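> Below is the structure, and that's it, no one-letter string:
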């Protein structure tokens, strides 16, 4: 060791004090890079295989014959025929899908209103909170089973209607084409208050000083909800609205749980786009899919071309609304 603190080598040279540190730093950087790569390789492979490859392959299938794989536009022609033909499966499915989508948008506002009343701690608000949160806790299979048993002619609803002198048809509400879809829509409304948990969390973040100041200024409950509470939770509401818009053509009730056979869904006109795609790809009752994957892919492309601009337009309009920071 010399006077400058550097180590003297056996050959008489002077070894700097920081000798070997670049190699150590390089080794640390290599280990860090390997760690990051090992953590990202699985999600990257998953994205390439299960998203990019699947969607690219679906795009190609839309322009190919199902068995010969020859290039064609027949899949789009068949899709358009089923969509516009009277009584066509895709046309019925699209109509039912739009009904469920509209119900979802309405339920978004109802969730907001119900969350506000619970936030204001109305009479028996704890009881109502449990009632509204139950569908988010109990399994959907259990809920649909209980609901289906309740509305049967032999069930409680049938007994109530019979006592009122209104006999129910033997096939029940789900067995009648005129009432099957709306019966499932009522179930969707009954079990559609799950977003209250998210809204209630946003309401809980609002500073109490803001509400107190509004009360001192003479702000009533209605004005408080419209002019104070809603602007403060607008980011959460906008996000939920965008999520609902992404389901414009995939909105669906629990059709698979209520009508387990494709023939029932077609006969009772409860088919939705999601359920139609499921039956075309996987089939029902162990029969397998129809094999018309090209038509399904063509439908997906058409619905995407319509849905994406709507979502982007709504998002752009929502971004123009100033966000309140607190």
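Perfect, thanks for sending it. Since this is a predicted model, take the numbers as computed values, not measurements.

> how many neighbours does residue 128 have?
A total of 16 residues lie near residue 128 under the criterion other CB atoms under 10 Å. Any C-beta I mention is one placed from the backbone N, CA and C, and that applies to glycine too.

> Then residue 117?
Neighbour number of residue 117 under other CB under 10 Å is 14.

> Going by secondary structure, it is in what exactly?
Residue 117 belongs to helix 89-119 when assigned by DSSP states H and E.

> What of residue 40?
Per DSSP H and E, residue 40 falls inside helix 21-47.

> Show me which positions of the helix holding residue 117 end up buried.
Burial within helix 89-119, assessed by neighbour count using 16 or more other CB atoms under 10 Å, is assigned to 89-94, 96-97, 99-101, 103-104, 107-108, 110-112, 114-116, 118-119.

> what do you get for stretch 59-74?
The neighbour-count criterion (16+ other CB under 10 Å) identifies 61-64 as the buried residues of stretch 59-74.

> now swap in stretch 180-188 and tell me
Using 16+ other CB under 10 Å as the test for burial, stretch 180-188 gives 180-181, 183-188.

> Among these, name the ones in helices.
180-181, 183-188 (DSSP state H).

> can I see the domain layout of the chain?
The record's domain parsing of the chain by automatic domain parsing lists 3-56, 74-320.

> closest to residue 68 out of those?
Proximity to residue 68, assessed across the domains of the chain by CB to CB, is greatest for domain 74-320 (10.9 Å).

> Just checking the distance from the closest one to the centre of its chain.
Distance of domain 74-320 from the chain centroid (CA atoms, centre = their mean, to the nearest Å) equals 10 Å.

> picking that back up, can you tell me which of the ones in helices among the buried residues of stretch 180-188 lies closest to residue 282?
Once CB to CB is applied, the member of these that ends up nearest residue 282 is residue 184, at 20.5 Å.

> show me what contacts the closest residue in space to residue 225 that isn't next to it in sequence?
Nearest residue to residue 225 in three dimensions, chain neighbours excluded: residue 116, at 5.4 Å (CB to CB, 6 or more residues apart in numbering). The neighbours of residue 116, taking CB atoms under 8 Å, 6 or more residues apart in numbering as the test, are 203, 225, 229.

> can you put the residues you listed in CSV and add neighbour count, secondary structure and pLDDT?
Below are the contacts of residue 116 laid out as CSV (neighbours: other CB atoms under 10 Å; DSSP: H, G, I helix; E, B strand; the rest coil; pLDDT from 0 to 100):
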residue, neighbour count, secondary structure, pLDDT
203, 19, helix, 87
225, 17, helix, 85
229, 23, helix, 87
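
> other SSEs contacting the helix holding residue 40?
Packed against helix 21-47 by the contact rule (3 or more CB pairs under 8 Å, 6 or more residues apart in numbering; DSSP states H and E) you find no helix or strand.

> which residues in the stretch 201-326 of the chain form helices?
208-216, 221-223, 230-232, 234-246, 255-258, 262-267, 273-281, 293-319 (DSSP state H, counting those that start in this stretch).

> quick one, which of those is nearest to residue 171?
Once these are compared by CB to CB, helix 262-267 is nearest, at 10.8 Å.

> which stretches of the stretch 151-300 of the chain aren't confidently modelled?
Scanning the stretch 151-300 of the chain with the threshold set as pLDDT under 70 gives 260-267, 283-291.

> Roughly how far does the residue nearest to residue 225 sit from residue 207?
From residue 116 across to residue 207, the span is 16 Å (CB to CB, to the nearest Å).
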